[in-house]
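A.B. asks: based on what follows, work out the 3D shape:
(4 chains)
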4 protein chains.
Amino acid sequence: MTKRIGILTSGGDCPGLNAAIRGVARAAYDRMEGVEIIGIADGYSGLIKGDYRVMDKSEFSGILTLGGTILGTARTPFKDMRKIGDDNVDKVSSMVKNYEKMGLDCLCTLGGNGTHKTANLLSEEGLNVIGLPKTIDNDLWGTDVTFGFHTAVDIATDVIDRVHTTAASHGRVMVVELMGNKAGWLTIYAGVAGGADVVVIPEIPYDRETVIEAVRKRAERGKAFSIVAIAEGAIRNDEADLKRKEIREKRSAEGFTSVSARLAHAIEATTGIETRVVVPGHIQRGGSPSAYDRVLSTKFGVQAAELIYQKKFGYTVALQKDKLTQNKLSDVAGKTKFVTPDSDIVRAARNIGICLGD
Amino acid sequence: MTKRIGILTSGGDCPGLNAAIRGVARAAYDRMEGVEIIGIADGYSGLIKGDYRVMDKSEFSGILTLGGTILGTARTPFKDMRKIGDDNVDKVSSMVKNYEKMGLDCLCTLGGNGTHKTANLLSEEGLNVIGLPKTIDNDLWGTDVTFGFHTAVDIATDVIDRVHTTAASHGRVMVVELMGNKAGWLTIYAGVAGGADVVVIPEIPYDRETVIEAVRKRAERGKAFSIVAIAEGAIRNDEADLKRKEIREKRSAEGFTSVSARLAHAIEATTGIETRVVVPGHIQRGGSPSAYDRVLSTKFGVQAAELIYQKKFGYTVALQKDKLTQNKLSDVAGKTKFVTPDSDIVRAARNIGICLGD
Amino acid sequence: MTKRIGILTSGGDCPGLNAAIRGVARAAYDRMEGVEIIGIADGYSGLIKGDYRVMDKSEFSGILTLGGTILGTARTPFKDMRKIGDDNVDKVSSMVKNYEKMGLDCLCTLGGNGTHKTANLLSEEGLNVIGLPKTIDNDLWGTDVTFGFHTAVDIATDVIDRVHTTAASHGRVMVVELMGNKAGWLTIYAGVAGGADVVVIPEIPYDRETVIEAVRKRAERGKAFSIVAIAEGAIRNDEADLKRKEIREKRSAEGFTSVSARLAHAIEATTGIETRVVVPGHIQRGGSPSAYDRVLSTKFGVQAAELIYQKKFGYTVALQKDKLTQNKLSDVAGKTKFVTPDSDIVRAARNIGICLGD
Amino acid sequence: MTKRIGILTSGGDCPGLNAAIRGVARAAYDRMEGVEIIGIADGYSGLIKGDYRVMDKSEFSGILTLGGTILGTARTPFKDMRKIGDDNVDKVSSMVKNYEKMGLDCLCTLGGNGTHKTANLLSEEGLNVIGLPKTIDNDLWGTDVTFGFHTAVDIATDVIDRVHTTAASHGRVMVVELMGNKAGWLTIYAGVAGGADVVVIPEIPYDRETVIEAVRKRAERGKAFSIVAIAEGAIRNDEADLKRKEIREKRSAEGFTSVSARLAHAIEATTGIETRVVVPGHIQRGGSPSAYDRVLSTKFGVQAAELIYQKKFGYTVALQKDKLTQNKLSDVAGKTKFVTPDSDIVRAARNIGICLGD
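C.D. replies: Model prediction:
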């Protein structure tokens, strides 16, 4: 019988983590007899160190609306996931040992891509693991949406709404840099929602002249201002073959600390229009989850409890075609869900006249 | 060639209408040459009276974030859609005549179930009609979601969040009555998102004793307060066979003006716990659309323009399995999308311990 | 030496109560040695019953942003404050006894007018009492502003903003009924902030024809819609001499459950313009305090601790001319701060063309 | 008779500008016969170039809630206000000429310190000038509060609330850099409202060790995370004698682009606790004004119209001791309202245990 359920939250914090923890716990208590929930501190590092506690039922009350994670979190424990070197072997064996020591019947891991790689690793080591897809980046393979994403879109859209009035009042270009190193979901959703004129995402390398031309054309049509939404991981087409590290070094040598600062400089230097940069940064991942994310997190938690009940381990829960389902951890690990050129959102952006920089 | 596109918004106002109008217009200008957008005032009544104007491109700027509809709206023009009586025949023929007179190549109708019935009627009369599914009730058949719904969920959830603190501080039961005459989508989503203890929707007739028992049990466990979210169209199981009009009359004779007031009275009278009612009413449908609805409205607008481009008339756009698509108006007209007992949201609600009153 | 400080929150719950509790506690710990904070449950009823506990320092962390009150609250314990009858005498003597029993050196009471009456009573009985002015009504005498007020204005303004779009889209009159039985601060502030066309407050009895005329004139100028903000305690000029109970009975006999429903009916019946009522009710007092109220509550808490330190009892803290200060409880008890006809807010409302109904 | 009233908005954009414009216009129409409002584009630069238009009454509808300014704005036209050199003389004489050419009877200038200096200059040149105190910095001398300030506090507090959850979940120090070069009003208000642990403002030079010690002490008490709110113009006590330009150069030479980055590096390097920086930037001045600022802007607009009516020129409107009033432009020009060490807000911050870095 499944009795002792471990839970940990790993990776960057994200709205909806507590709602998902609550969902797993409440549904587990509801579905099964004698359940105990073991809270593991600070992601996998708590599993490595054996830092955990048995949680009281009352701890899951009042956390639905709470941002962050009551369990604490830490970035993935492995520097380089590709090679499980000496150090990694030790860490994995510590985790396996502590899983035994805690007497766990299964382990729920809430996190994004890094978290799911490690979850798959532990699953391959024989542990009963279930994943829950959390990330504001929405780039986890196999699920239509991850929790945290739509809250981040709300925040990023609010940022664009606010700079819109400054842009319009001053006749300025505002370049808003949003989170997303590899995938541009957050940037393109917030860009469309905020009425951006240019949206630049990592999946579509941008041509600097094309972006500048879009700004200039608006100015010629009497719109002195423009809004550019750019993902932090956006790539210029003439640097598409370089490694990210090389791009960063090149950019730094040119005196720019970010992709947005560099593009803003180019726009201002070429068009003569005053251009400013806004980097909302960490506020995109903080605070109370939106109603959408509270529902989604709860559903994911409930689905995870369902899998535990069915003893269906080695999976991560997912939403596909608007239905709860699950994917094998081995299918998800190491994959990224990118914005594809033929997706509805890209087509919609183009059709309403947004310049995507290509 | 499709040149003159008429647009009207019909039924209760709803966040996202302007974003959808903008989406249709921008994508139509983008896809086709020589497009003219004809704005028809106040829903079908403008079509009946011939109240319209050719719109300027600039009118579609700055409206993405605007609540309500720049075209004006009115409830469905037919008292009884089931029989197209003398008066209705006149109205329909006026609409057909004015469509001709305006020289329209097609007509986009943005609205909910009533709007789609009329849209289908006009399509059967030979007009080129395309629908866009708008309703905060989310009860339009054939689409996973309608625009306006998630903004309404945000607002209703905020209402529950706010009364939560009053309930907890005073040890009270708060009964929150939300919109939804036939379908309980808004109530169950907001109920789950707001952490309601009891959720009562029209699709699941409620047993008064069951609801009271849920409140009493919480009190016994030391939780002096409870939150009950109830749809305005909720039905008591012993009245499930009565007509809505009969229920209203019965309720009124008992001295209650609403379903929530009646339930609140029963709870207070039986448990002795102070019980208050909150009816947020029209605020659920007003204000700026959420980021989610701005994106969805834009997508729907773009898809409508696609259908116009393809001369694929007699359809309403839809989101199915997370993809843009369309349904025949004849398939949608007269149907309602209900919350089903085996849906993910109902299952999730039950599993986390929400009482659904049955 | 002042060591044991009792705190209670009384009357309707209100944003900022927890922030004020935190302010008192932190500043008391900071200013004095060996302080113990005694939390009294559910307002004066906890003092009557002797329901209290010594609080831990950690309980004051993380409550700054929390709506409601962690101590619980209840309405004033006396039905009729004017005559301290047999029952009241017993209650007062219980409170005095329990104050002694708890070994309190002083008692902080957070509340509005009713709370301050009782606070003054206890002060006259010889207890060391300090008040903190809390009420969303802003009607406490002797302070420019009470905490909770500006959060309520934010919420009520948001309500008006939302119904604005519905009013404009449907060409309707929307009558929004806001809290305020005796004083119209909330209604006139939210009315001005929300751009209402008519604002009706208890201090200025309204002429029905004047209100209807304002709506009609707008319609004649092509503005089909109007927003009317009305306080729940608004009085019609031809009923100004009646008692409130008589007005309610008269209204009820006419078939109206509220002041807003009655006015809405008159507007619709006379002008023919569709008119709807919105009564946001309890949401006006719930939820997280605004930044303004968090600061004000903190300041009031700090000032209360200052008075405790100075052993200056029998006072309630206040903000006068933008400075922290205090008033004697005996000066405040039984008085109401009304909106005066020559105040800046009334003058501003009139000058920008708002009809005040007179 | 005063008939032609010019209005311009100058300096950084700010929530409430449109509400104030609307207030002036509506009250002017209300108080006086035959009023014409002349909208001058882009601040003083529009006055210099003669870029203006007569505005229609309808343009003042629907702008109450709108962020930014419908007139456009630009920074102050003078590089160095201290010496009115050749170029400045030309600009001033252009403004005087255009004032005549437009046939203005008076000029309302909405702005902050820079704007008021120029307003005073024009007043000294004999123009009829009235100022309205706008700035999110709240540092205009002679008024308790400026419009825009409390909206900015709301936004900045929301930023702190959001990073709070990240800080707590990751056990990190978050350094939030807020606007305010000379005055720390925004930072200290948002810091108190957001529950910051350390607040650093320009008026109180900070000691690096003191700040680090505050963070370390919290860590020792088991609070792994801390929030530091720092104004962009904060000064280190060992650099208090340097000029701002020298500080920036020194900081830049050390490799830091901002005061927050430098402090964050010091904290992380010394304590070993992961430390992150958030710079919300322009979002602090954008978007719809809060209810508070809509009311304040409206009041200021109404008071400006009152002064116009009274032909009382050479003043700027103000709020003093919670009442509308005015100050001479010559008294306001060139002064800054600083946060004083003995103010209520500083005392409150200290008493609840916030470290102010000194």
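
A.B. asks: gap between the two ends of stretch A:216-232?
C.D. replies: 23 Å (Cα to Cα, to the nearest Å).

A.B. asks: and that stretch, how far from the chain's centre?
C.D. replies: Taking Cα atoms, centre = their mean, to the nearest Å, one finds stretch A:216-232 lying 28 Å from the centre of the chain it belongs to.

A.B. asks: and that stretch, average pLDDT?
C.D. replies: Taken as a whole, stretch A:216-232 carries a mean pLDDT of 94.

A.B. asks: helices of the stretch 51-200 of chain A, residue ranges please.
C.D. replies: Using DSSP state H, counting those that start in this stretch, the helices of the stretch 51-200 of chain A run over residues A:86-101, A:113-124, A:149-170, A:185-194.

A.B. asks: hmm, stretch A:329-340 touching chain B?
C.D. replies: No: Stretch A:329-340 lies out of reach of chain B by Cβ under 8 Å from any Cβ of the partner chain, never closer than 12.1 Å. C-beta coordinates here come from the backbone N, C-alpha and C atoms, glycine included.

A.B. asks: buried set for that stretch?
C.D. replies: By neighbour count on 16 or more other Cβ atoms under 10 Å in any protein chain shown, the buried set for stretch A:329-340 is A:329, A:332, A:333, A:337, A:338, A:339.

A.B. asks: which two of those residues have the greatest separation?
C.D. replies: A:329 and A:339 (23.7 Å; Cβ to Cβ).

A.B. asks: winner for burial among the helices of the stretch 51-200 of chain A?
C.D. replies: helix A:185-194 (a mean of 29; mean count of other Cβ atoms under 10 Å in any protein chain shown).

A.B. asks: and the residue of the stretch 151-300 of chain A nearest chain C?
C.D. replies: Of all residues in the stretch 151-300 of chain A, the one sitting closest to chain C is residue A:288 (9.2 Å; Cβ to the nearest Cβ).

A.B. asks: neighbours around that residue, how many?
C.D. replies: Using other Cβ atoms under 10 Å in any protein chain shown, residue A:288 is surrounded by 23 other residues.

A.B. asks: that one and residue A:66 touch, don't they?
C.D. replies: Yes: proximity of residue A:288 to residue A:66 meets the contact threshold set by Cβ atoms under 8 Å, at 6.9 Å.

A.B. asks: strands along chain A, start to end?
C.D. replies: With DSSP state E as the definition, chain A shows strands at residue ranges A:4-9, A:36-40, A:52-54, A:106-111, A:129-133, A:173-178, A:198-200, A:226-231, A:275-278, A:315-320, A:323-328.

A.B. asks: turn the ones you listed into JSON lines, including mean neighbour count.
C.D. replies: Shown next, in JSON lines, are these (neighbours: other Cβ atoms under 10 Å in any protein chain shown):
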{"stretch": "strand A:4-9", "mean neighbour count": "25"}
{"stretch": "strand A:36-40", "mean neighbour count": "22"}
{"stretch": "strand A:52-54", "mean neighbour count": "14"}
{"stretch": "strand A:106-111", "mean neighbour count": "28"}
{"stretch": "strand A:129-133", "mean neighbour count": "29"}
{"stretch": "strand A:173-178", "mean neighbour count": "29"}
{"stretch": "strand A:198-200", "mean neighbour count": "29"}
{"stretch": "strand A:226-231", "mean neighbour count": "29"}
{"stretch": "strand A:275-278", "mean neighbour count": "23"}
{"stretch": "strand A:315-320", "mean neighbour count": "23"}
{"stretch": "strand A:323-328", "mean neighbour count": "18"}
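
A.B. asks: mind putting those strands into JSON lines with distance to chain C?
C.D. replies: Converted to JSON lines, the strands of chain A look like this (distance: least, Cβ to the nearest Cβ, whole Å):
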{"stretch": "strand A:4-9", "distance to chain C": "19"}
{"stretch": "strand A:36-40", "distance to chain C": "18"}
{"stretch": "strand A:52-54", "distance to chain C": "17"}
{"stretch": "strand A:106-111", "distance to chain C": "22"}
{"stretch": "strand A:129-133", "distance to chain C": "25"}
{"stretch": "strand A:173-178", "distance to chain C": "24"}
{"stretch": "strand A:198-200", "distance to chain C": "27"}
{"stretch": "strand A:226-231", "distance to chain C": "23"}
{"stretch": "strand A:275-278", "distance to chain C": "21"}
{"stretch": "strand A:315-320", "distance to chain C": "30"}
{"stretch": "strand A:323-328", "distance to chain C": "31"}
